[in-house]
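Asker: Just to be clear, the model below is a prediction. Sequence and coordinates:
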Amino acid sequence: MSAQAFKDLTEEEIIQDALEVLPEYRERIRSTGDFDLDRCVRMALARIERLYKSKHGIHSHMQMDRREREEMTQVLAHFQPMLYARIAAIRQKYLQGRKVSQINGATAKALITSRFQAAGLEVKVSGQLYRARVEVKVTDRYQVRFYLNYKKMLQDGILDNAVAAVQDLAKAIDRLGYGAIVERI
């Protein structure tokens, strides 16, 4: 039907091309996690519009005639419900994954904080997608940052090993004395 406006592309190919906006959109909302379905669909429709113009040799600075505008409006109206359905399913998966990450982050923060504080260490923990970011003060002037994978963190001995490693590092820095610097190279 309206895929004919694209000559050599099938409907599914057009939809797949439109969904190429998802990685960019997810990157935009990474810090907030606020997945706006309407906005994402508008981005996908804009991509279809660019594809339509490209297939018809219409450059961005060129005016479209009435027939082309009407055809493009029909094309966008045709694809809009399909994009809403596809992106709504993707949004649901994204939100579920984000919720799991939040739960993992809260669990990791509680476990790591209690274990390090029990060892007398000052620690800051923040959850990420698949891992926890851990910052531990090792001396008055130094802290160490490392990451613990959520799945591996629950294995026997991983947290104990991390605590022991940080304590060993603190002792080593203390033995080196004033002026010791630990750097990443």
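Answerer: Right, received. Where do you want to start?
Asker: Give the next helix or strand downstream of the longest helix along the chain.
Answerer: Of all the elements of type helix in the chain, the one with the most residues (DSSP state H) is helix 66-118. Sequence order places strand 122-127 as the next helix or strand after helix 66-118, per DSSP states H and E.
Asker: Check which helices and strands the worst-scoring helix or strand of the chain on mean pLDDT sits against.
Answerer: Least confident element among the helices and strands of the chain, by mean pLDDT, DSSP states H and E: helix 150-153 (a mean of 86). Under the contact criterion of 3 or more CB pairs under 8 Å, 6 or more residues apart in numbering; DSSP states H and E, helix 150-153 touches helix 66-118, strand 131-137. The C-beta positions use only the backbone N, C-alpha and C, and glycine is treated the same way.
Asker: picking up where we left off before, can you give me the angle the longest helix of the chain makes with strand 131-137?
Answerer: 40 degrees (axes from the mean of the first three to the mean of the last three CA atoms, to 10 degrees).
Asker: mean confidence score for helix 66-118?
Answerer: Average pLDDT, helix 66-118: 91.
Asker: If you count contacts, what does it end up packed against?
Answerer: In terms of contacts (3+ CB pairs under 8 Å, 6+ apart), helix 66-118 is packed against helix 11-18, helix 22-28, helix 37-55, strand 122-127, strand 131-137, helix 150-153, helix 158-176.
Asker: how does this protein divide into domains?
Answerer: Using automatic domain parsing, the domains assigned to the chain come out as 2-100, 102-176.
Asker: Tell me which of those domains lies nearest to residue 184.
Answerer: Proximity to residue 184 (CB to CB) singles out domain 102-176 among the domains of the chain, at 9.7 Å.
Asker: quick one: the closest one to chain centroid distance?
Answerer: Distance of domain 102-176 from its chain centroid, counting by CA atoms, centre = their mean, to the nearest Å, is 23 Å.
Asker: Likewise for stretch 70-87?
Answerer: Relative to the centre of its chain, stretch 70-87 is centred 27 Å away, using CA atoms, centre = their mean.
Asker: Can you show me the CA trace of that stretch as CSV?
Answerer: Provided in CSV are the C-alpha atoms of stretch 70-87 (Å, rounded to 0.1, in the frame of the first residue of the first chain):
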residue,chain,number,x,y,z
GLU,A,70,-0.4,14.3,0.6
GLU,A,71,1.4,11.1,-0.2
MET,A,72,3.9,11.5,2.6
THR,A,73,1.0,12.4,5.0
GLN,A,74,-0.7,9.1,4.0
VAL,A,75,2.5,7.2,4.4
LEU,A,76,3.1,8.5,7.9
ALA,A,77,-0.5,7.9,8.9
HIS,A,78,-0.1,4.3,7.6
PHE,A,79,3.0,3.6,9.7
GLN,A,80,2.1,5.5,12.8
PRO,A,81,-0.1,2.8,14.4
MET,A,82,2.5,0.1,13.6
LEU,A,83,5.2,2.1,15.2
TYR,A,84,3.1,2.8,18.3
ALA,A,85,2.6,-0.9,18.7
ARG,A,86,6.2,-1.9,18.2
ILE,A,87,7.7,0.9,20.3
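Asker: I am finished for the moment; much appreciated.
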